[in-house]
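Peer 1: sequence and predicted structure are below.
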Amino acid sequence: MQKLHVGVLAAALTAYAAQPVAAEETIRADGQNLTSTHMRVFGVSLPPIGHVRFCQRQPADCRRSKLRTRRVKLTKERRHELELINSFVNRIISPVTDQQLYGRVEYWAYPNSEGDCEDYVLLKRKMLINRGWPESALLITVVLDENQEGHAILTVRTANGDYLLDNKRSEITTWNKSPYRFIKRQSFRDPRIWMSLIPDEGAGVPQTSLAE
């Protein structure tokens, strides 16, 4: 596992904040019936094996938080912070596969200078937590991308909707403006528990009362 230099990243982030970020085109849903900015969950799902092994190595980063914030109020300042972290991490980490980096598949770790989509997500989540964001608002999410390949993004639960931080894009959007097919994500109640985002794959009746 690579060492995470949080102090170095924080200093680099301060310098990077002053740099202009190029605007990107708004992402739109591709034929999906997405009518709400808040995701709906459909019962418990199996966790990704990469996350299970990550939690075994990094148990402190997978602990159930005693403070479970329902949804964060997305102020102008908070949105800017999300955009800054998303764009910053996307620029300082070079994309490589787990096979290329570790000689194996599905190895989730904090990146130093290289990593795959899960590693981007882990670093963004860590940096936001270090800046005071509640863990329960920062949920790792698994999707199928435009090529029907597995991909990981970070979902941020806000009162304005569920926003996505994606290593493929600097712009953040609500999930219903994404072209992805959503498969599963962490529960805000416990980061080790994963919830299905597919109606016919969840266990039992749709658990919309969980306000996931």
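Peer 2: Everything's here; your move.
Peer 1: ok, for L82, nearest residue in space, not its chain neighbours?
Peer 2: Nearest non-adjacent residue to L82, counting by Cβ to Cβ, 6 or more residues apart in numbering: I172, 5.5 Å away. Where you see a C-beta, it was placed from the backbone N, CA and C, and this is true even at glycine.
Peer 1: what pLDDT does that neighbour get?
Peer 2: Looking at I172, its pLDDT is 93.
Peer 1: number of nearby residues for it?
Peer 2: 19 (other Cβ atoms under 10 Å).
Peer 1: quick one, helices of this protein?
Peer 2: 6-16, 49-57, 76-92, 98-102, 117-130 (DSSP state H).
Peer 1: which of these has the lowest average pLDDT?
Peer 2: Mean pLDDT is lowest for helix 6-16 among the helices of the chain, at a mean of 55.
Peer 1: on that earlier part again, show the contacting residues for the residue nearest to L82.
Peer 2: R79, L82, E83, N86, V156, Y163, L164, L165, D166 (Cβ atoms under 8 Å, 6 or more residues apart in numbering).
Peer 1: let's see it at 6 Å
Peer 2: Contacts for I172 were tallied using Cβ atoms under 6 Å, 6 or more residues apart in numbering; they are L82, E83, N86, Y163, L165.
Peer 1: which strands or helices does the top strand by length along the chain pack on?
Peer 2: When the chain is parsed with DSSP state E, its longest strand is strand 150-158. For strand 150-158, the contact count by 3 or more Cβ pairs under 6 Å, 6 or more residues apart in numbering; DSSP states H and E identifies helix 117-130, strand 138-144, strand 161-165 as packing neighbours.
Peer 1: turn the ones you listed into JSON lines, including mean neighbour count and distance to D61.
Peer 2: Below are those laid out as JSON lines (neighbours: other Cβ atoms under 10 Å; distance: least, Cβ to Cβ, whole Å):
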{"stretch": "helix 117-130", "mean neighbour count": "22", "distance to D61": "7"}
{"stretch": "strand 138-144", "mean neighbour count": "22", "distance to D61": "11"}
{"stretch": "strand 161-165", "mean neighbour count": "23", "distance to D61": "17"}
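Peer 1: what's the closest non-adjacent residue to the spatially most central residue of the chain?
Peer 2: For the chain, L154 is the residue whose C-alpha lies nearest the centre (Cα atoms, centre = their mean; 1.1 Å). In space, and not counting its chain neighbours, L154 is closest to L165: 4.1 Å by Cβ to Cβ, 6+ apart.
Peer 1: repeat that for D98.
Peer 2: Excluding the flanking residues, the one nearest D98 by Cβ to Cβ, 6+ apart is Y107, at 4.6 Å.
Peer 1: and the one you found, how many neighbours?
Peer 2: Under the neighbour criterion other Cβ under 10 Å, Y107 is assigned a count of 21.
Peer 1: any idea how far it is from E118?
Peer 2: From Y107 across to E118, the span is 9 Å (Cβ to Cβ, to the nearest Å).
Peer 1: could you do Q148 as well?
Peer 2: 18 Å.
Peer 1: do R104 as well
Peer 2: 13 Å.
Peer 1: next one: R71
Peer 2: Distance from R71 to E118, counting by Cβ to Cβ: 24 Å.
Peer 1: now swap in R181 and tell me
Peer 2: On the measure of Cβ to Cβ, R181 and E118 end up 18 Å apart.
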